[in-house]
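Enquirer: Build me a model from this:
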Amino acid sequence: MATYGTTDKVRQRAAVEYIEPARRSGATRVRIHSGNFNKHLVESRVVPPNRLPLVCNALVSRKFLADNRLRLESVEGPPSGHSSTVVYTFSLEPVPASGEPTSITRPSSGFLQLRGVLQSTYKKLGGGERFHKSQRETWER
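Expert: Below is the predicted model:
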């Protein structure tokens, strides 16, 4: 997982310290206590103090869930979800065996079937960039 900012660093640290060990041990669920995790992140200088909302948002982000093949089962704590008392429970989805197609690589994906659909048309028109440039130049405002 690439790291670009603080949120990505939080997601990566959660994956390394909670998700990967749980998968290795054969667990089907993982619980992360936001206060303990945040304290560890502050002590490790991953996040500055008073960034608990960032930590909580990172743990429930679609990117974190998708990258780690997780399903958020429950959030225990105040309704805001931004408290040091919040406990997140995730269920670990099975990781496909290598070579097994995933939903992203499966040929039946509608989006992937559209990929390159205009390639031959653009080629006949002299290329996509040339065609769009000519359209912009003749656009009547």
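Enquirer: Tell me which residue is most central in this structure.
Expert: Nearest to the mean C-alpha position of the chain, counting by CA atoms, centre = their mean, stands Lys63 at 1.3 Å.
Enquirer: tell me the contacts of that residue?
Expert: Arg11 (CB atoms under 8 Å, 6 or more residues apart in numbering). From N, CA and C alone the C-beta is placed, and that goes for glycine too.
Enquirer: That one: which element?
Expert: helix 62-67 (DSSP states H and E).
Enquirer: Can you show me the CA trace of that helix as CSV?
Expert: The C-alpha trace of helix 62-67 is given here as CSV (Å, rounded to 0.1, in the frame of the first residue of the first chain):
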residue,chain,number,x,y,z
ARG,A,62,-13.5,2.5,2.0
LYS,A,63,-9.9,2.5,1.0
PHE,A,64,-8.8,0.8,4.2
LEU,A,65,-11.6,-1.7,4.0
ALA,A,66,-11.0,-2.6,0.4
ASP,A,67,-7.2,-2.7,0.5
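Enquirer: List the buried residues of the helix or strand just after it.
Expert: Scanning forward in sequence from helix 62-67 by DSSP H and E, the next helix or strand is strand 70-76. In terms of neighbour count (16 or more other CB atoms under 10 Å), strand 70-76 has its buried residues at Leu70, Val75.
Enquirer: can you give me the angle the next helix or strand after strand 70-76 makes with strand 70-76?
Expert: As assigned by DSSP H and E, the chain's next helix or strand after strand 70-76 is strand 87-92. Orientation of strand 87-92 against strand 70-76 (axes from the mean of the first three to the mean of the last three CA atoms, to 10 degrees) gives an angle of 160 degrees.
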